[in-house]
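Asks: I would like the atomic coordinates for the input below:
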Amino acid sequence: MKPVVGVVVSNKMQKSVVVAVDRLFHHKLYNRYVKRTTKFMAHDEKDQCNIGDRVICAPVTELESYVAQVQSIYQVKGTLFLIS
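Replies: Residues are numbered from 1 along each chain as shown. Predicted coordinates:
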């Protein structure tokens, strides 16, 4: 699996967060784009993620599928830019 960009929706666990990832796909029958949301658990070692933070998640283990990396992200015409 590749790294994904999502928004933190829950940080009530210790060193873990829930990240919601949105994706669009084209529905062939209705000829429309449909938005689906998938939630992933991600590891947050320093417990620094807050609700609403946009994070990049990299794949890791079975239960906590990703490691969350908080970074400033902005998007211009479909290209993601990271601000360090």
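
Asks: Near H43, how many other residues are there?
Replies: Counted by other CB atoms under 10 Å, the residues lying close to H43 total 17. All C-beta spots, glycine's among them, are computed from the backbone N, C-alpha and C.

Asks: Kindly apply the preceding question to V8 instead.
Replies: Applying other CB under 10 Å, I find that V8 has 21 neighbouring residues.

Asks: I'd say it and I56 touch.
Replies: No - checked against CB atoms under 8 Å, the pair V8 and I56 is beyond contact range at 11.6 Å.

Asks: what bridges to R36?
Replies: Assessed by DSSP bridges, R36 has beta-bridge partners R23.

Asks: That one and I51, how far apart?
Replies: 21 Å (CB to CB, to the nearest Å).

Asks: Please identify which of these two sits among more neighbours.
Replies: For R36 versus I51, neighbours defined as other CB under 10 Å are more numerous around I51 (12 against 9).

Asks: Would you enumerate the residues in contact with that one?
Replies: V8, V9, S10, N11 (CB atoms under 8 Å, 6 or more residues apart in numbering).

Asks: want to throw these into CSV with secondary structure?
Replies: As requested, these are exported to CSV (DSSP: H, G, I helix; E, B strand; the rest coil):
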residue, secondary structure
V8, strand
V9, strand
S10, strand
N11, coil
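
Asks: Rebuild these as a markdown table, extending it with pLDDT and distance to K28.
Replies: Shown next, in a markdown table, are the contacts of I51 (pLDDT from 0 to 100; distance: CB to CB, whole Å):
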| residue | pLDDT | distance to K28 |
| --- | --- | --- |
| V8 | 88 | 33 |
| V9 | 91 | 30 |
| S10 | 91 | 34 |
| N11 | 89 | 38 |
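
Asks: Mind listing what's buried along stretch 40-52?
Replies: F40, M41, A42, H43, D44, C49 (16 or more other CB atoms under 10 Å).

Asks: and what of stretch 16-25?
Replies: For stretch 16-25, using 16+ other CB under 10 Å, the buried residues are S16, V17, V18, V19, V21.

Asks: I'd like the mean pLDDT over it, please.
Replies: Averaged over stretch 16-25, pLDDT sits at 90.
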